[in-house]
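Chemist: Next one to model:
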Amino acid sequence: MRIMAVDYGAVRTGIAVCDEAEMLASPVEVITEYHEEKLCGRIAEEAKKLRAAHIVMGLPKNMDGSEGESAAKVRRLADKVRTETVLEVSLWDERRTTVEAHGILSANDVRGGKRKKVVDSVAAAVILEGFLMSRRNKRSAENAGKEKNL
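Modeler: Here you go, the predicted structure:
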């Protein structure tokens with residue numbers, strides 16, 4: 001199933017998508033949109049263009065696990081996207097994803113203005129990779145439980 005990830009930001013929102021086999025997460029683009037309703041429409045357009053069957057949105061939590069105003073904004077946006085696309089929308093803890101995205105870009109010698117243009121889509125890919133790994137682990141555990149019962 002193709003899953004699209006969204007890394008919401010007040011200025012830039014990163015988009016990533018995985019392949020049908022749910023193995024590879026790839027950065028797609030960065031949407032620059034300040035207005036929440038327009039951003040919701042752009043996310044819905046991307047989901048349709050990418051033939052996404054599911055959307056995962058990064059949920060910004062504080063390091064202690066609590067949620068602040070940014071998390072509340074993501075929850076509101078997720079509800080709007082869910083209504084507009086009629087797709088399942090999951091929220092995924094995105095702590096440290098932007099830091100990891102910067103690390104990936106540094107390791108690949110992406111600097112300056114080019115980094116600023118892509119870091120949010122790379123962060124979306126990091127969110128998606130975590131979500132996909134969790135899905136694979138859950139399926140493995142379920143399969144192990146089934147084999148145990150045989």
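Chemist: rest of the way, CA atoms for contacts and neighbours
Modeler: OK.
Chemist: ok, then the element right after the helix or strand of the chain with the lowest mean pLDDT?
Modeler: Between all helices and strands in the chain, the lowest mean by mean pLDDT, DSSP states H and E belongs to helix 97-107, at a mean of 70. Next along the chain after helix 97-107, taking DSSP states H and E as the criterion, comes helix 112-149.
Chemist: which secondary structure elements does that following helix contact?
Modeler: Applying 3 or more CA pairs under 8 Å, 6 or more residues apart in numbering; DSSP states H and E, we find helix 112-149 packed against strand 3-7, strand 12-18, strand 25-32, strand 54-59, strand 88-93, helix 97-107.
Chemist: so can I have CSV of those showing mean neighbour count and distance to E142?
Modeler: As requested, the helices and strands packed on helix 112-149 are arranged in CSV below (neighbours: other CA atoms under 10 Å; distance: least, CA to CA, whole Å):
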stretch, mean neighbour count, distance to E142
strand 3-7, 29, 21
strand 12-18, 26, 22
strand 25-32, 20, 23
strand 54-59, 24, 21
strand 88-93, 18, 20
helix 97-107, 16, 28
